[in-house]
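> Below are the sequence and a predicted model; questions follow.
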Amino acid sequence: MIITIPWLKEHLKTKANEAKIIDQLTNIGLEVENIKENSGELKDFKIAKILKAEKHPNADKLKVCDVSLGDNRIIKVVCGASNARDGLVTIYAPPGSVIPKTKLQLKIVKIRGVESRGMLCSENELNLSNESAGIIELTNKEKEIGKSYFKTKSEKALDISITPNRADCLGVRGIARDLASSGLGSLLRLKKKSIKQTLKQPVKVSISKENNQGCLSFGSCYIKNITNKESPEWLKDKILALGLKPISTVVDITNYVMFDLNRPLHAYDAKKIDKEIIVRNSKEGEEFEGLDNKTYKLKKGMCIITDKSSILGLGGVIGGTKTSTEFDTKDILLESAYFLPSSIRKTARELNINTDAKYRFERGIDPNSIQEGLEIAAALIIKICGGVASKFVITGQASQKNKLIDFNIEKFKDLIGISISILEADKILSSLGFKVKKTKKNLKVEIPSWRPDILQDVDLIEELIRIKGFDKIKVIEPEKRREKETLNFNQKLFHLSQRALASKGYMETVTWSFTDSNVDAQFSKGEKEIKIYNPISSDLDVLRRSIFSNLSIHLKKNQDRGYGDLSLFEIGPTFFGKNPGEQQIVVGGIKSGQVNRKSWSDKARNIDVFDVKSDALRTLVELGIDEKNLFISDLTKNSYHPGRSGSINLKSDKGPHLAYFGELHPAIIKKLDFKDKNIFGFEIFLKNIPQSNKKARQTKINYTVSDFQKSERDFAFVIDKSFKVGLLEKLIKKVDENIIQKVVTFDIFEGENIPKDKKSVAINITLQALDKTLSEKDLDQVSQKIIDVVREKTGATIRS
């Protein structure tokens, strides 16, 4: 929102200087983002007239123009604009001037052999609009040839950042109201000049009764026999200060009222209206040409303003070319309406239109300002352009009832930490336009119609502290004693998982919780897809059901850019339903390529299933699970290779499911077209990690090194093919955990001399005591005990 200090003082009686006003605006939440000082840099841009425009002798698309600057001063300018012609009045920039758009300083130059002394300017080059098709065409400027086009008096323009909830401050008066409330002056009464309204309005207005009707109220005033002309200097100066281009008195007045009072208006050339105005919802496929000269194809249900034969405008968004006002317009119909913010947002987003009116309506303007806008605009038009006005006609809901809030003054201290008296609260709220009734401890507050953002008592508290001053809140030293742990168990697991995987060489990725449905379907076959109704992108159209959905996308992107030997991980939610809580936090890791060699003497090898199995197991151990309580099986999901994958449960195959690991299914690798086909991954489900009752320092195990000799024995057991080797290792370890230090399977054999339903498992066992060197007798006793326990529990025999 751009304002000037003189314009602000038309609503605010204050002795404060510019610096104080700027500081106070920021203090009350209206941040001044930029201060633009209109110095004399634009004074050299003159009104000029092209006396003669001839074709350039050496260029087909250029013209050599004789340009008059008044007082018999004629200079030559080479111009490429297609509309440069004899008699055209435009704006001339002399050598030495700086073009506002490009910041380039002009010099006397030769263009294709012809000297050019300056430049004829387009609206775009002067930052007046985005129009760059030709040079500016001025009318009624014959008597001003040679004068500066821009006002040379220095005025500071303040660019204020208005938050989306403060639509009332999108008008100068709203900003003045806030400053007055903060003690910087007093709000001046709004001047309204009464006009004679003797004319009967000839244009009937109706609002159709439809579902999702976007227009609640439509105010109108018919003004006849006006003389539309160029705006007076005071009005043009205001329009130019906003960065807009003055067009005509009628258009400039509607813009002025919008920026002054935050009341968007629109003026129709009444002679071009076919009999009546009808506000209705659009039909699918209807077309409309806007004032931006673009043709829009409408969708069903958009709020439109029509007459008997065509569409005149998109309600609250943009008017149409059919009824646009011109200098020869004699009769106008002035519109002041209230459109629902939801309707405006939907229409503007679907058609990609952004206008000043749309910007205000979508945030919620004052629904009770319809007649006020008509009164002020009609009075200005009649004062400058003449004419006779009809009575104001408001179709639809004439006014809206204001909201009431019961406010307990004690809640202010509970929330802010300092007290405020009922009298002070009453004074602040009243100065902001709220109507207040006092009781002993409570206030009954009527919310003004221009503040749709005030919905509950906490909003009133925000208003009070904003005006009272955030600097009144005392700084209190925080309590340094911590009685509760900073992080809960799940948060600790999250950070422990991050560190555990980073220590194993994985790089963390952070992605969206939504993903590409085509990729997600590969990892979640048989599960119901969770569609997003309004996706931010066509390739982010579902909630992810697998952590691999996004990991695989980013793995492929890295592969395609020439990166190999990748290890990526992500910790985030996966979803199994659209309702709140139907999600779980998953730790996902994915690897491709080869194992990084640690020494020049190491041989490179491809990553295999045992690498990701090891990473998953070590991570679970680092998360606090005893390794001997981890049960490994080959039951996995469809997204893994059926012969190179596994799952990890707690204690048994019926225990809580902790993780999957393995090679991605070859069909998925082929479908997603990975450059490197050697891809493995794992998933760890944090919700199933058990929480220990002991504190972390109590769960740490003291590592004791034995001073005595260790011994190794090899065993070869013939056991059922279906029996898991991991279970066999655990079974042997439990025979005597004080002596059996290590159990390693080094060979599995099936074939000659082994029954068809059996396999031979060769195991190396390390034996070592903490208190003595084991004798041969001790070793024999332990060995026999191992053989007996394995035979008893599994039916296995020692291979002969």
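It's in. Predicted, not measured: the structure shown is a model, and the values here were computed from it. Residues are numbered from 1 along each chain as shown.
> What are the boundaries of the helices in the stretch 501-650 of the chain?
Secondary structure of the stretch 501-650 of the chain (DSSP state H, counting those that start in this stretch): helices at 517-523, 548-560, 609-622.
> Next, work out how far apart Pro202 and Glu362 are.
Pro202 sits 32 Å away from Glu362, going by C-beta to C-beta, to the nearest Å. (Each C-beta comes from the backbone N, C-alpha and C, glycine too.)
> re earlier: can the helices of the stretch 501-650 of the chain go into CSV with extra columns for distance to Asn293?
Below are the helices of the stretch 501-650 of the chain laid out as CSV (distance: least, C-beta to C-beta, whole Å):
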stretch, distance to Asn293
helix 517-523, 39
helix 548-560, 42
helix 609-622, 61
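> Looking at the ones you listed, spot the one closest to Val586.
helix 548-560 (9.4 Å; C-beta to C-beta).
> For Gly396, list the residues it contacts.
Residues near Gly396 by C-beta atoms under 8 Å, 6 or more residues apart in numbering: Ile207, Cys215, Leu216, Ser217, Phe218.
> Kindly recompute the last result at 10 Å.
205-207, 213, 215-219, 279, 337-338, 370 (C-beta atoms under 10 Å, 6 or more residues apart in numbering).
> Neighbour count: Pro202 and Glu362, which is higher?
More crowded of Pro202 and Glu362, by other C-beta atoms under 10 Å: Glu362, with 24 against 14.
> tell me the phi and psi of the more buried one?
Dihedral pair for Glu362: phi -70, psi -20, per degrees, to the nearest 10.
> Kindly report the same for Val789.
Torsion angles, degrees, to the nearest 10, at Val789: phi -70, psi -40.
> Nearest spatial neighbour of it, chain-adjacent residues omitted?
Counting by C-beta to C-beta, 6 or more residues apart in numbering, Val735 is the residue found nearest to Val789 once chain neighbours are left out, at 5.2 Å.
> Now name the helix or strand holding that neighbour.
For Val735, there is no helix or strand it lies in under DSSP states H and E.
> was I right about it contacting Leu728?
No. Taking C-beta atoms under 10 Å as the definition, Val735 is not a contact partner of Leu728, at 11.5 Å.
> Name the residues contacting each of these two.
Residues touching both Val735 and Leu728 (C-beta under 10 Å, 6+ apart): Val743, Val790.
> Mind telling me what element the closest residue to Asp453 other than its chain neighbours is part of?
What sits nearest to Asp453 in space, not counting adjacent residues and going by C-beta to C-beta, 6+ apart, is Asn165, at 3.9 Å. Following DSSP H and E, there is no helix or strand that holds Asn165.
> what do you get for Val78?
Going by DSSP H and E, Val78 is in strand 74-79.
> Give me the contact list for that strand.
48-53, 56, 59, 62-69, 84, 90, 92-95, 108-121, 134-135.
> Can you list which of these are found in helices?
Cross-referencing the contacts of strand 74-79 against helices under DSSP state H gives no overlap.
> Quick check on the residues you listed: which are buried?
The neighbour count (16 or more other C-beta atoms under 10 Å) marks 48-50, 53, 56, 62-65, 67-69, 84, 90, 92-94, 111, 114, 116-121, 134-135 as buried among the contacts of strand 74-79.
> The stretch 301-450 of the chain: helices as residue ranges?
Shown for the stretch 301-450 of the chain, the helices assigned by DSSP H, counting those that start in this stretch span residues 341-351, 356-361, 370-385, 410-416, 422-431.
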